[in-house]
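Chemist: Dropping the sequence and predicted coords here.
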Amino acid sequence: MPLWNKRAVSSGQTEESYKEQLQSLKQTVNNLGLVSEQFEGAAEGLTESSDKVGHGIQVLAEGASRQERDVLQCRKIAEEFTAKITDMDQETATMQTQVQQMQQQSDLGRQRVEHLGKTQEKLKGSMDTITEEIRTLLDKNAKIESVKCSLLYCQADESAVFKCIHRGCQSRGSRKRICSCGI
């Protein structure tokens, strides 16, 4: 609305019109002040929000940086852990191979011990047979010597001392005993 109404006929009307216009202008200025205050409050709120968002972004950035460091650390630990697991797997495979070799050696040793036991049983039987044969031969030899001594070389007297015909040495004991001179 224009400040001066050129159509106003009387000065009373003009004055009235000016008052209305001034009142209207005052109201508009007041409204502009309110709007300005509201805009200022909104701008401050926006600035605070912006600061808070900026702070939040900074906190998120720091958190992301820490997470990145943590992820890198976890990755390093996982790599070390994987390397140790691989080493342990290789050691386990080596140990399994050694255990299998030891099992084979143990089986072979057990078979050899069983074979040795059977062989020893056979040898014991053979030794027992040989021992019996030797005893039989010794008994037969003693009988032969006894007969030989009584028939050819020795003469018995009452004191059970045998005298050798060849050398004259004496031997004590039974008739089955050989002469001490060795002939």
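Modeler: Yes, it's here.
Chemist: What segments of the protein are strands?
Modeler: Using DSSP state E, the strands of the chain run over 154-156, 161-164, 170-172.
Chemist: Could you report the pLDDT at the residue positioned nearest the centre of the chain?
Modeler: Compute the mean C-alpha point of the chain, and by C-alpha atoms, centre = their mean the closest residue is Met88, 6.1 Å away. Predicted confidence (pLDDT) for Met88: 95.
Chemist: do you know how far it is from Gln101?
Modeler: Distance check for Met88 against Gln101: by C-beta to C-beta, to the nearest Å, it reads 20 Å. In this view, the C-beta of every residue, glycine as well, is placed from N, C-alpha and C.
Chemist: mind checking pLDDT for Arg172?
Modeler: Reading off the confidence values, Arg172 has pLDDT 49.
Chemist: re earlier: how much space is there between the residue nearest to the centre of the chain and Arg66?
Modeler: Look at Met88 and Arg66: by C-beta to C-beta, they are 32 Å apart.
Chemist: contacting residues around stretch 61-75?
Modeler: Counting contacts by C-beta atoms under 8 Å, 6 or more residues apart in numbering, no residue outside stretch 61-75 touches it.
Chemist: CA atoms only: put it into PDB for me.
Modeler: Provided in PDB are the C-alpha atoms of stretch 61-75 (Å, rounded to 0.1, in the frame of the first residue of the first chain):
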ATOM      1  CA  ALA A  61      35.500 -40.500  12.100                       C
ATOM      2  CA  GLU A  62      37.600 -41.200  15.200                       C
ATOM      3  CA  GLY A  63      35.500 -44.400  15.800                       C
ATOM      4  CA  ALA A  64      36.000 -45.400  12.200                       C
ATOM      5  CA  SER A  65      39.700 -44.800  12.500                       C
ATOM      6  CA  ARG A  66      39.800 -46.900  15.700                       C
ATOM      7  CA  GLN A  67      37.800 -49.600  14.000                       C
ATOM      8  CA  GLU A  68      40.200 -49.600  11.100                       C
ATOM      9  CA  ARG A  69      43.100 -50.000  13.500                       C
ATOM     10  CA  ASP A  70      41.300 -52.700  15.300                       C
ATOM     11  CA  VAL A  71      40.400 -54.500  12.100                       C
ATOM     12  CA  LEU A  72      44.100 -54.300  11.000                       C
ATOM     13  CA  GLN A  73      45.200 -55.600  14.400                       C
ATOM     14  CA  CYS A  74      42.600 -58.500  14.200                       C
ATOM     15  CA  ARG A  75      43.700 -59.200  10.700                       C
END
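Chemist: Alright, calling it a day.
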